[in-house]
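In: Predicted model and sequence below, questions to follow.
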Amino acid sequence: MPKGKQIQSVKGMHDILPDQWPSRDFIFKKAKTILEDYDFERIETPVLEETELFERAVGEGTDIVEKEMYSFKTKGGDNVTMRPEGTAPIVRAYIEHGMRSLPQPVKLYYLEPMFRHEQPQAGRTREHWQIGTEVIGEAGFSADAELIFILWKIFEELDLKNHITLQINSVGDSNCRPDYKKALKDYYKNKFKKICSACKTRCKKNVLMMLDCKQPECREIALKAPQIFDFLDDECKTHFKNILEFLEEAKVPYMVNPFLMRSFGYSTRTIFEIWPDEEENQQALAGGERYDKLVETLGGQKTEAAGWGIGIGRVVEFLKKKEIKIPKAKTEPKIFLAQLGELAKKRSLIMFEHFRKAGIPLKASFSRDSIKSQLRIANKLGVRFTLILGQREALDGSIILRDMESSVQETIPLEGIVDTVKKRLKEKL
RNA sequence: GUGGUCAUGGUGUAAUGGUUAACACUGCAGUUUGUGGAACUGCUGAUGAGAGUUCGAUUCUCUCUGGCCACCCCA
């Protein structure tokens, strides 16, 4: 056999193996329950969208659009992109399906993979799953407040609330943000020599992101920079203040972080992130924002909206790190069926269905013939009882019930076996 | 995209410019063939890919691939 190249999964994309599913299901289930209780409805959009959607929504000049999109031309000549983020496709769907004629706001949630061509490392993959929400058609602060409240509740349900902080900030709107940007630029003008090279490009591309720089020298300068709050107009200010008051009322702890920034082109007013409470690893577990102009940008009518996304992979890792107990997805198997010989094997097949219908799924190892190896498996599974159906038993219509703890076994009639086992299980409890 | 670092069975670790690459766990099987857990025994299974140096490379060099870390950005 020629050895050849070993085919592995594509860079930055990983298999999600069985052992990861209990914690993923745990997260899905918690989030889903809460979201549906709060009247969010599920939506799923295609992985592929027209490239222009993201160029317009996220904005040219952003890293996502400039260097991180999986874009290609189809055989038919269309320019398409694998969804790098969840909001733009959903807004597209909102407009396309005329959802403005539904009672507003429209509250949607999704569970989808996102694709970004980034340099991978732990907690940063090229395909990652997100649980996200969008509330479209609500300008008032109640949308932001509810969204953040629900986000917090989900983390609370995941038993993580003591390990995270909610970071929140306002980036104003098109009315007041330009003034702030100008003030920032003025502030940085005579400090240009002291800032890092990345910030020099940031200064041109997106001044606001300079506040978020991690370099110590930039950080120091940012500390004394003019603050957004002094520039917010009255409406933005009130909007922000109302959210904070709501959070206080709802007992959701938050940290106003004037240096928190998001690079999405569509963010307006409220932005927020959930951070792990750790020195190292500052990767956000979740992030969201208000986006009052996006529907218009994509050709809809004036419609205000907000939303957030949770990174499943990161939360899974975080749960593991914090040693949060994950409830078992499946119930423990209780009964194992061992068979010996052809006839027994044939007879036993139908029993699976009888037991399954009775709510007691049977375990078995059909491919194994020796009683020894079958019992070994039964033992490993930790079942309460093992049913043994041998040639003898199959012939005279009986079966052996073996108690795995006491090793006591008895021969009982095959007829009514389901009820007998049911009774025995009950006795053992 | 830039820089650094790493790469040995499924997992975790050894070792070496020269016979058959070692150990532990796991898996599979056996230890009076119709009976699990312990113990013992055996078996399966690896030097990421390609090229170069060399009599000989898993070991040295280069390229690629992938993981991880930093920058960048983000969930």
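Out: Yes, it's here. Numbering: from 1, shown residues only, chains lettered A, B, ... in the order given.

In: So is the helix or strand of chain A with the lowest mean pLDDT next to RNA strand B?
Out: Lowest mean confidence among the helices and strands of chain A (mean pLDDT, DSSP states H and E): helix A:197-205, at a mean of 80. Yes - Helix A:197-205 lies within reach of RNA strand B by CB under 7 Å from any atom of the strand, at A:198, A:202. Bear in mind the C-beta positions are built from the backbone N, C-alpha and C, glycine included.

In: Other residues contacting that helix?
Out: Applying CB atoms under 8 Å, 6 or more residues apart in numbering, the external contacts of helix A:197-205 come out as A:61, A:185, A:188, A:192, A:195, A:209-210, A:213, A:215, A:218.

In: Roughly how far does A:Leu184 sit from A:Pro333?
Out: 62 Å (CB to CB, to the nearest Å).

In: same deal with A:Val252?
Out: Distance from A:Val252 to A:Pro333, by CB to CB: 41 Å.

In: sorry, back to before: tell me the buried residues in the least confident helix or strand of chain A?
Out: A:199, A:202-203 (16 or more other CB atoms under 10 Å).

In: Could you do stretch A:388-408 as well?
Out: Buried, per 16+ other CB under 10 Å, within stretch A:388-408: A:388-390, A:393-394, A:398-402, A:404.

In: ok, now stretch A:227-242?
Out: A:228-229, A:231-232, A:236-237, A:239-240.

In: Which elements pack onto the helix or strand where A:Val315 lies?
Out: According to DSSP states H and E, A:Val315 maps onto helix A:312-321. In terms of contacts (3 or more CB pairs under 8 Å, 6 or more residues apart in numbering; DSSP states H and E), helix A:312-321 is packed against helix A:21-37, strand A:127-136.

In: Next, format the ones you listed as JSON lines and append mean pLDDT.
Out: Listed next are the helices and strands packed on helix A:312-321 as JSON lines, based on pLDDT from 0 to 100:
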{"stretch": "helix A:21-37", "mean pLDDT": "95"}
{"stretch": "strand A:127-136", "mean pLDDT": "97"}
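
In: Which of the ones you listed sits closest to A:His354?
Out: Evaluated with CB to CB, those place helix A:21-37 nearest to A:His354, the distance being 28.0 Å.

In: ok, back up a step: the more surrounded of A:Leu184 and A:Pro333?
Out: A:Leu184 (21 against 16; other CB atoms under 10 Å).

In: Count the residues that sit near the closest residue to that one other than its chain neighbours.
Out: In space, not counting the residues next to it along the chain, A:Leu184 is nearest to A:Val207; the distance is 4.7 Å by CB to CB, 6 or more residues apart in numbering. Neighbourhood size, A:Val207 [other CB under 10 Å]: 20.

In: Give me the distance between A:Val207 and A:Ala225.
Out: 10 Å.

In: Run through the residues that contact A:Cys236.
Out: Counting by CB under 8 Å, 6+ apart, A:Cys236 touches A:170, A:172-173, A:175-176, A:269.

In: and A:Glu118, how many neighbours does it have?
Out: Neighbours around A:Glu118, by other CB under 10 Å: 16.

In: hmm, I was thinking of A:Asp212
Out: A:Asp212, neighbours per other CB under 10 Å, totals 18.

In: Just give the nearest non-adjacent residue to it, would you?
Out: Nearest to A:Asp212 is A:Met261, by CB to CB, 6+ apart, at 4.4 Å.

In: and if you look at A:Phe231?
Out: Leaving aside its sequence neighbours, A:Phe231 is closest to A:Tyr180 (3.9 Å, by CB to CB, 6+ apart).

In: pLDDT score for that neighbour?
Out: As summarised for this prediction, A:Tyr180 has a pLDDT of 91.

In: Now flag whichever of the buried residues of stretch A:227-242 is closest to RNA strand B.
Out: A:Ile228 (16.4 Å; CB to the nearest atom of the strand).

In: A:Leu35: neighbouring residues, count only.
Out: Neighbours around A:Leu35, by other CB under 10 Å: 21.

In: how about it, what does it touch?
Out: A:109, A:133, A:150.

In: and if you look at A:Tyr38?
Out: A:107, A:146, A:150.

In: what about it, distance to RNA strand B?
Out: According to CB to the nearest atom of the strand, to the nearest Å, A:Tyr38 stands 20 Å off from RNA strand B.

In: repeat for A:Ser367
Out: 8 Å.

In: before we move on, what about A:Ser398?
Out: 9 Å.

In: quick one: that residue and A:Ile412 touch, right?
Out: Yes - using CB atoms under 8 Å, A:Ser398 is in contact with A:Ile412, at 6.5 Å.

In: Of the helices and strands packed on helix A:312-321, flag the one that's most buried.
Out: Neighbour counts (mean count of other CB atoms under 10 Å) averaged over each of the helices and strands packed on helix A:312-321 peak at strand A:127-136, with a mean of 24.

In: Show me the shaky parts of the stretch 151-300 of chain A.
Out: Scanning the stretch 151-300 of chain A for pLDDT under 70 picks out A:279-281.

In: please redo it, this time with the cut-off set to 90
Out: A:174-175, A:177-178, A:181-227, A:259, A:261-265, A:277-282 (pLDDT under 90).

In: before we move on, back to that, mind putting the helices and strands packed on helix A:312-321 in CSV, distance to A:Pro113 included?
Out: CSV is the format used below for those (distance: least, CB to CB, whole Å):
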stretch, distance to A:Pro113
helix A:21-37, 12
strand A:127-136, 5
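
In: Of these, which is nearest A:Val315?
Out: Nearest to A:Val315, of all the helices and strands packed on helix A:312-321, is helix A:21-37, at 5.7 Å by CB to CB.

In: could you point out which element follows the closest one?
Out: Immediately after helix A:21-37, counting by DSSP H and E, sits strand A:41-42.

In: partner strands of that following strand, parallel or antiparallel?
Out: Its sheet considered, strand A:41-42 pairs with strand A:106-115 (parallel) by DSSP bridges.

In: In the strand it pairs with, which residues are buried?
Out: For strand A:106-115, a neighbour-count test (16+ other CB under 10 Å) marks A:106-112, A:114-115 as buried.
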